[in-house]
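Colleague: mind folding the following:
(one chain, ligands or ions: 4)
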Amino acid sequence: MGSLPTNRGSSVTQQSLLSCTLSSLLVAVLLLLCACSSILAAPIKDQTYITWSQDHVKMLDAEDAIQITLDSASGSGFTSNKKFLYGSISMEIKLVPGDSAGTVTAYYLSSEINDEFDFEFLGNVSGEPYLLQTNVYSNGTSGREHVLALWFDPTADYHTYSFLWNKYHAVFFVDSTPIRMFANSQALGVPYISKPMRLYTSIWNGEVWATRGGQDKINWKHAPFVASFHNFTVDACIWQEHDSECCASASNLWWEQEAYQALSSEQESMFNIVQNNYTVYDYCKDVHRYPILPAECNHQL
Ligand SMILES: *[C@@H]1O[C@H](CO)[C@@H](O)[C@H](O)[C@H]1NC(C)=O
Ligand SMILES: *[C@@H]1O[C@H](CO)[C@@H](O)[C@H](O)[C@H]1NC(C)=O
Ligand SMILES: *[C@@H]1O[C@H](CO)[C@@H](O)[C@H](O)[C@H]1NC(C)=O
Ligand SMILES: *[C@@H]1O[C@H](CO)[C@@H](O)[C@H](O)[C@H]1NC(C)=O
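Modeller: Ligands and ions are numbered 1, 2, ... in the order given. The predicted model follows:
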């Protein structure tokens, strides 16, 4: 228990907020104080491994970036070495420029089977806006899509996309704007995100549905389609397989404190602007699909 992730890269800096260095004799006493939080600020290539198509992934060491590519042969993707349970994860992403119709760039946290939360960037023909679709899976239940039009060109520069999740809610941010919130509605019988998750990225062919509902297909003459990822930042509980209690009991960590249990009033007004002005689809408003809205829809803000 308590060993922090070992340094693998030469310039890895890891700082424990509160580590639990327990000798077997002290286990019982220190269990209550134990927390496995860690900040990981290492080069992105040292924090991740390629999970899909090695030859479609390029490391740009000087820029601390990874580029993933889709062409007619394959898509590609990479994944974090570590799993996380509660905290904050962020990445700067620059999306496929030009004609990206039919492409989907995904950036998500997933426990592989039950729990997941997703950013999916849906490409478009040149000059037309990307859409950002988010979804949440908890204990295998999904169908919680929310879609918004971004208020900037996500292909011109890197922007920060982040997750903050704790026992109270899971919040998605675009730069500092909260764009989506999934409250813990266990009291209403809705399972909440509770599994440790890895960070995943991928770029793939979504032409059957992604752009104008599948009307704009991929134009392979414009391949390769390249998305760039940079500044992967972790300030979260790093899961340790041999200590499943550690993250769950880490209630003294910053993300569990009162300031992070609900959006601030400033965040709430930013959130409302996004909901009112940029939202294209919200499953909680889709009464054709859900004549009885899912219970968590009564618990949004
Ligand atoms: C999660 O799903 C499993 C399998 O469907 C079910 O048995 C279990 O009760 C669910 N847990 C919660 C907390 O809803
Ligand atoms: C693509 O552009 C069209 C036309 O402006 C728009 O209707 C659509 O929402 C845009 N985005 C996607 C992913 O289809
Ligand atoms: C990397 O991202 C973190 C978290 O969003 C931010 O605080 C930091 O300033 C970024 N670093 C650089 C070099 O952009
Ligand atoms: C967005 O909608 C709000 C109403 O919720 C309105 O007051 C505001 O002016 C709009 N903001 C933008 C940037 O369009």
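Colleague: please identify the helix or strand for the nearest residue to residue 144 once chain neighbours are set aside.
Modeller: Of all residues not flanking residue 144 in the chain, residue 136 sits nearest, at 4.7 Å (CB to CB, 6 or more residues apart in numbering). All C-beta atoms are positioned from the backbone trio N, CA, C, and that covers glycine. Using DSSP states H and E, residue 136 maps to strand 131-137.
Colleague: would you map the strands across the stretch 51-200 of the chain?
Modeller: For the stretch 51-200 of the chain, the strands defined by DSSP state E, counting those that start in this stretch occupy 57-60, 65-70, 76-80, 84-94, 103-110, 116-122, 131-137, 146-149, 159-165, 169-174, 177-183, 198-205.
Colleague: show me what the last one is in contact with.
Modeller: Just to be clear, that refers to strand 198-205. 48, 51-52, 66, 68-70, 75-80, 82-84, 89, 91, 96, 102-112, 218, 225, 227, 229, 232 (CB atoms under 8 Å, 6 or more residues apart in numbering).
Colleague: how about 6 Å then?
Modeller: For strand 198-205, contacts defined as CB atoms under 6 Å, 6 or more residues apart in numbering pick out 68, 70, 75, 77-80, 83, 89, 104-110, 227, 229.
Colleague: pLDDT weak spots in the chain?
Modeller: For the chain, the stretches with pLDDT under 70 are 1-37, 250-251, 300-301.
Colleague: can you do 50?
Modeller: The chain contains residues with pLDDT under 50 at 1-35.
Colleague: quick check: residues of it near ligand 1?
Modeller: Within the chain, the positions near ligand 1 by CB under 6 Å from any ligand atom are 139-140, 191.
Colleague: got the contact list for the spatially most central residue of the chain?
Modeller: In the chain, the residue lying closest to the centroid (CA atoms, centre = their mean) is residue 108, at 3.8 Å. Counting by CB under 6 Å, 6+ apart, residue 108 touches 118, 200.
Colleague: what do you get if the cut-off is 7 Å, keeping everything else the same?
Modeller: Listed by CB atoms under 7 Å, 6 or more residues apart in numbering, the contact partners of residue 108 are 116-119, 200.
Colleague: against residue 73, how distant is it?
Modeller: To residue 73, residue 108 is 24 Å away according to CB to CB, to the nearest Å.
Colleague: neighbours around the residue in the stretch 151-300 of the chain positioned nearest to ligand 1, how many?
Modeller: Per CB to the nearest ligand atom, residue 191 is where the stretch 151-300 of the chain lies closest to ligand 1, at 3.9 Å. The tally of other residues near residue 191 (other CB atoms under 10 Å) stands at 16.
Colleague: and residue 115, by the same measure?
Modeller: Residue 115: 24 neighbours (other CB under 10 Å).
Colleague: would you agree it is in contact with residue 197?
Modeller: Yes: counting by CB atoms under 7 Å, residue 197 is a contact partner of residue 115 at 6.2 Å.
Colleague: tell me the angle the strand holding residue 136 makes with strand 177-183.
Modeller: 20 degrees (axes from the mean of the first three to the mean of the last three CA atoms, to 10 degrees).
Colleague: what's in contact with strand 131-137?
Modeller: 114-122, 142, 144-150, 170, 172, 180, 182, 280.
Colleague: remind me, longest strand of this structure?
Modeller: strand 225-238 (DSSP state E).
Colleague: put the alpha carbons of that one into PDB.
Modeller: Output in PDB follows, covering the C-alpha atoms of strand 225-238 (Å, rounded to 0.1, in the frame of the first residue of the first chain):
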ATOM      1  CA  PHE A 225      -6.900  13.100 -40.400                       C
ATOM      2  CA  VAL A 226      -4.700  14.100 -37.400                       C
ATOM      3  CA  ALA A 227      -5.700  15.200 -33.900                       C
ATOM      4  CA  SER A 228      -3.100  16.400 -31.400                       C
ATOM      5  CA  PHE A 229      -3.000  15.900 -27.600                       C
ATOM      6  CA  HIS A 230      -0.700  17.700 -25.200                       C
ATOM      7  CA  ASN A 231      -0.300  18.600 -21.500                       C
ATOM      8  CA  PHE A 232      -2.000  15.500 -20.000                       C
ATOM      9  CA  THR A 233      -2.400  16.600 -16.300                       C
ATOM     10  CA  VAL A 234      -3.500  14.400 -13.500                       C
ATOM     11  CA  ASP A 235      -4.400  15.600 -10.000                       C
ATOM     12  CA  ALA A 236      -6.400  12.600  -8.900                       C
ATOM     13  CA  CYS A 237      -6.400   9.500  -6.800                       C
ATOM     14  CA  ILE A 238      -4.200   7.000  -8.600                       C
END
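Colleague: measure the residue lying closest to residue 186 once chain neighbours are set aside to ligand 3 for me?
Modeller: Spatial nearest neighbour of residue 186, excluding adjacent residues (CB to CB, 6+ apart): residue 192 at 5.1 Å. Remark: distance between residue 192 and ligand 3 (CB to the nearest ligand atom, to the nearest Å) = 25 Å.
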